[in-house]
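**Student:** this one's sequence-less:
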């Protein structure tokens with residue numbers, strides 16, 4: 001929601017650093033705080049929303065400092081940028097009828113909800129543009145600051161109800177956990193072959209149990225979950241598997257019953273006969 005302010009702060013800070021060759025220690029501290037979270041999890045290829053979340057307070061403090069220093073910079077230019085950006089976010093509302101057939105995916109309220117959320121973000125920027133000027137009476141500052149957040153809270157509440165329309169299946173793992181429980185799958189005999197990590201962790205949360213990954217130690221398991229059909233992505237592969245009726249459309253994964261007995265007979269040929277090992 002504060003994209004313009006973030007870009008403004010970045011450009012203004014870079015210009016100030018170039019001119020003076022100096023930045024306050026607090027700025028370096030906050031920049032290092034936010035940058036470390038992004039850099040560390042980027043290099044480790046393990047970015048998840050919860051991992052990057054600790055960087056946001058530092059970024060918010062940097063943005064707040066930029067706004068309080070608005071007297072020393074051309075504040076009218078910042079307000080113009082915010083006004084233009086805000087009005088741009090209201091444009092999708094005028095094209096709901098045009099956009100709905102292309103993005104609704106059978107849910108006519110999807111595009112409307114997205115456009116309203118985008119407009120609420122625009123409203124937050126609009127309020128920020130209106131209030132981004134020197135305060136004559138300091139006692140009204142908390143009220144003005146809180147007003148800018150109200151549209152974002154409304155957008156978050158609305159997003160909760162339309163978020164399922166974004167995905168072909170439930171990415172949280174909640175639906176998957178309920179499906180396993182409804183079919184009475186023994187969790188102690190279940191392994192995860194390959195699955196979105198967020199969905200895997202979410203499934204563990206709703207099951208109140210950690211389902212281990214498929215590996216050499218889990219060859220004795222009876223069931224395996226994977227988002228690749230026919231167990232093609234599972235290694236090692238000295239086994240056969242058969243599909244178990246499962247709601248793949250809502251869960252996004254397949255459930256297979258591992259047939260370890262057949263693996264001891266030797267690998268099968270294409271015609272289904274067992275080949276003798278040499």
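**Tutor:** Yes, it's here. In this text the structure is predicted, and so the values were computed from the model without any measurement.
**Student:** contacts for stretch 121-130?
**Tutor:** Stretch 121-130 has contacts (CB atoms under 8 Å, 6 or more residues apart in numbering) with 1-2, 4-5, 78-79, 82-83, 85-90, 147-152, 155. C-beta coordinates here come from the backbone N, C-alpha and C atoms, glycine included.
**Student:** and the residues you listed, which of them are buried?
**Tutor:** Buried subset of these (neighbour count, 16 or more other CB atoms under 10 Å): 1-2, 4-5, 78-79, 82-83, 85-86, 89-90, 148, 151-152, 155.
**Student:** quick one, helices of the stretch 51-200 of the chain?
**Tutor:** For the stretch 51-200 of the chain, applying DSSP state H, counting those that start in this stretch gives helices covering 55-68, 75-90, 96-103, 108-131, 141-162, 174-182, 197-207.
**Student:** if you average pLDDT over each of those, which is lowest?
**Tutor:** When the helices of the stretch 51-200 of the chain are compared by mean pLDDT, helix 96-103 comes last with a mean of 67.
**Student:** and the closest residue to residue 61 other than its chain neighbours, what element?
**Tutor:** Leaving aside its sequence neighbours, residue 61 sits nearest to residue 30 (CB to CB, 6 or more residues apart in numbering; 5.5 Å). For residue 30, the element it lies in under DSSP states H and E is helix 25-43.
**Student:** show me what that helix is packed against.
**Tutor:** helix 49-52, helix 55-68 (3 or more CB pairs under 8 Å, 6 or more residues apart in numbering; DSSP states H and E).
**Student:** would you list these in JSON lines and tack on distance to residue 12 and mean neighbour count?
**Tutor:** Shown next, in JSON lines, are these (distance: least, CB to CB, whole Å; neighbours: other CB atoms under 10 Å):
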{"stretch": "helix 49-52", "distance to residue 12": "24", "mean neighbour count": "11"}
{"stretch": "helix 55-68", "distance to residue 12": "6", "mean neighbour count": "16"}
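**Student:** okay, those in a markdown table with distance to residue 162 next?
**Tutor:** What follows is those, written out as a markdown table (distance: least, CB to CB, whole Å):
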| stretch | distance to residue 162 |
| --- | --- |
| helix 49-52 | 18 |
| helix 55-68 | 23 |
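**Student:** and of the ones you listed, who's closest to residue 227?
**Tutor:** helix 49-52 (20.3 Å; CB to CB).
**Student:** average pLDDT for that closest one, rounded please.
**Tutor:** Helix 49-52 comes out with an average pLDDT of 79.
**Student:** for the residue nearest the centre of the chain, give its distance to residue 220.
**Tutor:** With distances taken as CA atoms, centre = their mean, the chain has residue 49 as the residue nearest its mean C-alpha position (5.6 Å). Using CB to CB, to the nearest Å, residue 49 is found at 35 Å from residue 220.
**Student:** just residue 229 next, same as before
**Tutor:** Using CB to CB, we find residue 229 at a distance of 23 Å from residue 220.
**Student:** higher neighbour count, those two?
**Tutor:** residue 229 (12 against 9; other CB atoms under 10 Å).
**Student:** please report phi then psi for the residue nearest to that one when sequence neighbours are not counted.
**Tutor:** Nearest residue to residue 229 in three dimensions, chain neighbours excluded: residue 254, at 5.7 Å (CB to CB, 6+ apart). Dihedral pair for residue 254: phi -110, psi 150, per degrees, to the nearest 10.
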